[in-house]
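# Just need the structure, nothing else, for what follows:
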Amino acid sequence: MEHHSNIVPWELIAKITGCTIKYVNVNADGTLDYQDFESKISGKTKLAGFSHISNVSGVINDVKRIAKVAHENGAIVLVDAAQSVPHMPVDARDLDADFLAFSGHKMLGPTGTGALFAKRHLLEAMEPFHGGGEMIREVVYNQTTGRCRIDWNDPPWKFEAGTPNIGGAIALMAAVKYLKRIGMHEVLAHEKMLTEYAINKLQGCCTKLELYGTTDAKLKCGIIPFGIKGLSSHDVALLLDNYGIMIRSGFHCAQPLHQMLKLQSSARASFYIYNTREEIDRFAEILREIEQL
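Below you'll find the model as predicted:
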């Protein structure tokens, strides 16, 4: 169920190192197959990487359960929290995540910003992957060897080579403060309410409408993938756009999940703090018009 950003880097690393990647299956409703995960992990596993929330189906994965099994097998845990941090309270320490990443543009911040949380002992053990200013404590030239001795700076500066995106970081902090003033529990409650309302509204809304994945609002966040029989997802998106309704269509950077669910593509409606029940009513009304067209 992973976004391509949590697939492509590992495939590139596998080409370089020869390591083996194992993919965990999803069930027919788009939820994670935990038994398959537990059968595939072993003492040889180095890292378990997975999304907290699927950006296609909105399914919320049980991070604590996965992390417990991974750590029992000596693996470190990487959580892709791009879809969860903006939409719900997330405590990386409580989840026992070794690494946790999220992006700024999904949480009212600017593009090209984000953050990586990591446990300090891992950051201290890791070598930097970028070289430049700020990430070193001292560079000393040795006239005898003709080489420089380099002492790394402390984390996080050790990994912050060069001039950072200062403006982007300030803007991201403004977004964080804005969401904190609302309260992440309030954000989640609003989104859960809209999700449940939308599922109830769309089920039986029109005969050609198909909702993909689980329709249990308790298992997911504010994302509803769907299709209209006889129309491609792009046609659906274009028709909705004519009525001022914005959705996404295609693979949503998660092509393997669509293959597993036997979908050519999907349309995806998503909700956030600025959406209302009235907009969902209008959405259902326009879907009925599209079906008639």
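# quick one: the strands in the protein?
Here the chain has its strands, by DSSP state E, at 47-51, 76-80, 99-103, 114-118, 136-142, 147-152, 209-211, 223-228, 248-250, 266-270.
# Among those, which comes closest to Thr163?
Taking CB to CB, strand 136-142 is the member of those nearest to Thr163, at 14.6 Å. C-beta coordinates here come from the backbone N, C-alpha and C atoms, glycine included.
# Need the residues that contact that closest one.
Applying CB atoms under 8 Å, 6 or more residues apart in numbering, the contact partners of strand 136-142 are 147-154.
# Can you flag the buried ones in those?
152-153 (16 or more other CB atoms under 10 Å).
# Of the contacts of strand 136-142, just say which sits nearest to Val90.
Nearest to Val90, judged by CB to CB, of the contacts of strand 136-142 is Asp154 at 25.1 Å.
# And that closest one, how far from His252?
38 Å (CB to CB, to the nearest Å).
# now do Pro164
Distance, Pro164 to His252, using CB to CB: 29 Å.
# Of these two, which one has the most company?
Using other CB atoms under 10 Å as the criterion, Pro164 and His252 rank with His252 on top: 23 against 11.
# quick one, the lengthiest helix in the chain and strand 223-228 angle?
Ranked by residue count, the top helix of the chain under DSSP state H comes out as helix 184-202. Orientation of helix 184-202 against strand 223-228 (axes from the mean of the first three to the mean of the last three CA atoms, to 10 degrees) gives an angle of 20 degrees.
# Does anything pack onto helix 184-202? Which helices or strands?
Helices and strands touching helix 184-202, as assessed by 3 or more CB pairs under 8 Å, 6 or more residues apart in numbering; DSSP states H and E, comprise strand 209-211, strand 223-228, helix 277-292.
# can you do 6 Å?
Contacts defined by 3 or more CB pairs under 6 Å, 6 or more residues apart in numbering; DSSP states H and E place helix 184-202 against helix 277-292.
# Next, the buried residues of the helix it packs on.
Neighbour counts over helix 277-292 (16+ other CB under 10 Å) mark 279-280, 283, 286-287, 290-291 as buried.
# any idea of the angle it forms with helix 184-202?
Using the same axes, to 10 degrees: helix 277-292 against helix 184-202 is 30 degrees.
# contacts for helix 277-292?
Contact with helix 277-292 is made by 197-198, 201-202, 205-206, 208, 239, 243, 245, as judged by CB atoms under 6 Å, 6 or more residues apart in numbering.
# ok, so of these, who is nearest Ser84?
For those, the residue nearest Ser84 by CB to CB is Ala198; the value is 19.2 Å.
# for Ser51, which residues make a bridge with it?
Here Ser51 shows beta-bridge partners Asp80, assigned using DSSP bridges.
# Kindly write the ChimeraX command that selects the buried subset of the contacts of helix 277-292.
Selection of buried members from these for ChimeraX, criterion 16+ other CB under 10 Å:
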select :197,198,201,202,205,239
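# mind putting the contacts of helix 277-292 in TSV, pLDDT and distance to Leu188 included?
TSV is the format used below for those (pLDDT from 0 to 100; distance: CB to CB, whole Å):
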residue	pLDDT	distance to Leu188
Tyr197	97	15
Ala198	97	15
Lys201	95	20
Leu202	96	21
Cys205	89	25
Cys206	89	29
Lys208	94	32
Leu239	96	31
Tyr243	95	29
Ile245	97	24
